[in-house]
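# Provided below for reference: sequence and predicted model.
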Amino acid sequence: MSPAPGTGAFESGLSASTGTGEAGERAGERGVTSAESSALERAAEAALRPRRLAEFVGQQVVREQLSLVLDAAAARGRAPEHMLLSGPPGLGKTTLAMIIAAELNAPLRITSGPAVQHAGDLAAILSSLEEGEVLFIDEIHRLARPAEEMLYMAMEDFRVDVVVGKGVGATSIPLELPPFTAVGATTRAGLLPSPLRDRFGFTGHLDYYRPAELETVITRSAARLEVEIDAEAAAEIAGRCRGTPRIANRLLRRVRDWSQVRGSGRIDLEAAHAALAVYEVDERGLDRLDRAVLRALCERFAGGPVGLGTLAVAVGEETETVETMVEPFLVREGLISRTPRGRIATPATWAHVGLAAPSPGAGTTPPLGRF
Ligand SMILES: Nc1ncnc2c1ncn2[C@@H]1O[C@H](COP(=O)(O)OP(=O)(O)OP(=O)(O)O)[C@@H](O)[C@H]1O
Ligand SMILES: [Mg+2]
């Protein structure tokens, strides 16, 4: 079972393929079901979510573009154009969608691609929208085709044709819609067909955050959690959360746990180091599974090339888990290379696992394809 997007192997302290994450592990110890624990995690995450654009850290370019769109719409007294937010998990797409509605002082309706499997589902949502309402469609790349095609006309003409009945008796009823603003979010912008993408007047791509920005996220979240944190502890956590605010907040909560149960109650560098050690998060933000992949690549396959499927089997994980939850970060860090012949270690890989790279031409395994 692959984990929900944005949870990642790293944050869990467990391998991502269990899909439960450390919350689920802790929950199991305390008799709370993993569904309840992920609800707890969602509530904990929601409590730290910025509510206004001024509280949204970083992403300077997107914020400037977005505030221009919002200010211009407010000046005209009209609903702003539709907006598309893209970027990797945990970087702030949902947060921004909620902020857009808050800045417009507009009602927010939330749905997602997977939840809208039929055009009728979408027609029901669209026909109940109030004037000026913000319709947030998460994972918009996963909309079923019929619903997606209905969305084209709704976004362009604020009208949908609802087909009633079947076969020869079927009739199409035009349904006028009030002006609304669709906000789409996706981690896979490349999967959106251009007719849909072209209907968004504003597209913002969120990228990974710099450590200094994450320190601000952590410091603000600590204040919301009413826990004191030293600047150097915030910097230490910021350096290990893979450029991702969701992970920063989750690590902060784990360090707060440690500090409250094993420490002084305030978060200093000692608490940060101790807690990050408990959760096996190393100085570059790699977790147990990340390191298992790198060790297997070096020790079992002499640095590669090795097929993704073979590598996943070697660490006891699903191929998809390694490809979507582990590799993107390792590739970004230059700790693994994806080549047509398979995955290969880089000099940084060998250094990180503390092994000497074999001399060129020494016995390397033949390229193994994916299963
Ligand atoms: N720019 C930011 N400033 C402060 N906190 C942020 C920022 N972006 C995200 N966060 C925090 O990170 C958490 C996760 O962000 P969010 O849910 O918006 O990510 P997402 O991009 O929608 O992820 P996914 O793709 O998994 O749905 C939020 O609860 C929020 O607390
Ligand atoms: Mg989201």
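Nice, I can see it. Numbers count the residues shown, from 1 in each chain. Ligands and ions are numbered 1, 2, ... in the order given.
# hey, let's count contacts and neighbours off CA atoms from now on
Fine.
# All the strands of the chain, in order from the start?
In the chain, the segments counted as strands under DSSP state E are 83-86, 108-112, 134-138, 159-164, 171-176, 181-186, 202-205, 337-339, 342-344.
# quick check, stretch 221-229 touching ligand 1?
No. Applying C-alpha under 6 Å from any ligand atom, one finds stretch 221-229 separated from ligand 1 by no less than 7.8 Å.
# What's the local residue count around residue 198?
12 (other C-alpha atoms under 10 Å).
# Close to ligand 1: what parts of the stretch 1-150 of the chain are there?
Contact residues (C-alpha under 6 Å from any ligand atom) of the stretch 1-150 of the chain with ligand 1: 5-6, 45-46, 48-50, 56-58, 88-95.
# let's go with 5 Å and repeat that
Within the stretch 1-150 of the chain, the positions adjacent to ligand 1 are 5-6, 45, 48-49, 56-57, 89-95 by C-alpha under 5 Å from any ligand atom.
# Which single one of those residues is nearest to residue 319?
Residue 319 has its nearest neighbour among these in residue 5, at 15.3 Å by C-alpha to C-alpha.
# about what we covered before: can you put the strands of the chain in TSV and add mean pLDDT, mean neighbour count and distance to residue 128?
Below are the strands of the chain laid out as TSV (pLDDT from 0 to 100; neighbours: other C-alpha atoms under 10 Å; distance: least, C-alpha to C-alpha, whole Å):
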stretch	mean pLDDT	mean neighbour count	distance to residue 128
strand 83-86	98	23	20
strand 108-112	96	19	10
strand 134-138	97	25	11
strand 159-164	84	17	12
strand 171-176	85	12	11
strand 181-186	97	26	14
strand 202-205	96	18	24
strand 337-339	94	15	47
strand 342-344	95	22	50
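# and the protein, what are its domains?
The chain breaks down into these domains under automatic domain parsing: 21-205, 211-278, 288-353.
# Could you tell me the end-to-end distance of the shortest one?
This means domain 288-353. Terminal residues of domain 288-353 are spaced 12 Å apart (C-alpha to C-alpha, to the nearest Å).
# wait, does it make contact with ligand 1?
No. Using C-alpha under 5 Å from any ligand atom, we find that domain 288-353 stays clear of ligand 1, coming within 11.5 Å at best.
# List the contacts of the closest residue to residue 329 other than its chain neighbours.
In this structure, residue 329 finds its nearest non-sequential neighbour in residue 242, 7.1 Å apart by C-alpha to C-alpha, 6 or more residues apart in numbering. Taking C-alpha atoms under 8 Å, 6 or more residues apart in numbering, we find residue 242 in contact with 208, 284-285, 329.
# make it 10 Å
Contact analysis of residue 242 by C-alpha atoms under 10 Å, 6 or more residues apart in numbering lists 10, 208-211, 214, 248, 284-286, 329-330, 332-333.
# Please apply the same query to residue 352.
Residue 352 makes contact with 284, 291, 294-295, 335, 346 under the criterion C-alpha under 10 Å, 6+ apart.
# which of those tops the neighbour count?
residue 294 (24 neighbours).
# Was I right to think it contacts residue 336?
Yes. Residue 294 sits in contact with residue 336 when judged by C-alpha atoms under 10 Å, with a separation of 7.7 Å.
# Check whether residue 187 really touches residue 94, as I assumed.
No. Under the criterion of C-alpha under 10 Å, residue 187 makes no contact with residue 94, lying 11.4 Å away.
# Which residues are in contact with each of the two?
With contacts defined as C-alpha under 10 Å, 6+ apart, the residues shared by residue 187 and residue 94 are 85, 138.
# Could you dump the contacts of residue 352 into TSV and include pLDDT?
Converted to TSV, the contacts of residue 352 look like this (pLDDT from 0 to 100):
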residue	pLDDT
284	92
291	95
294	96
295	95
335	96
346	94
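# What about the residues you listed, which are in helices?
Among the contacts of residue 352, the ones falling in helices (DSSP state H) are 291, 294-295.
# Let me know the closest of these to ligand 1.
Nearest to ligand 1 out of these is residue 291 (C-alpha to the nearest ligand atom; 22.8 Å).
# Next up, the contacts around the closest one.
Contact partners of residue 291, counting by C-alpha under 10 Å, 6+ apart, are 280-282, 297, 315, 326, 330, 349, 352-353.
# Would you mind writing the PyMOL command to select the buried ones in those?
Selection of the buried residues among those in PyMOL, burial being defined by 16 or more other C-alpha atoms under 10 Å:
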select buried, resi 280+281+297+315+326+330+349
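# From the contacts of residue 291, pick the one nearest residue 78.
residue 326 (43.3 Å).
# Look up the closest residue to the closest one, ignoring the ones flanking it.
Per C-alpha to C-alpha, 6+ apart, closest to residue 326 is residue 290, 6.0 Å.
# quick one: that neighbour from residue 192, how far?
Using C-alpha to C-alpha, residue 290 is found at 30 Å from residue 192.
# quick one: which of those two has more around it?
More crowded of residue 290 and residue 192, by other C-alpha under 10 Å: residue 290, with 22 against 16.
# how deep is residue 39 tucked in, by neighbour count?
Residue 39 sits with 13 neighbouring residues when counted by other C-alpha under 10 Å.
# related to what we said a few turns ago, just the buried subset of the residues of the stretch 1-150 of the chain next to ligand 1, please.
6, 48-49, 56-57, 89-95.
# Flag the least confident of the residues you listed.
Across these, the smallest pLDDT goes to residue 6, namely 37.
# count of residues packed around residue 142?
19.
# Residue 284 and residue 211 touch, don't they?
No. Contact criterion C-alpha under 10 Å: residue 284 and residue 211 do not qualify, at 11.5 Å.
# list residues touching both of these two?
Listed contacts common to residue 284 and residue 211 are 236, 239-242; contacts here mean C-alpha under 10 Å, 6+ apart.
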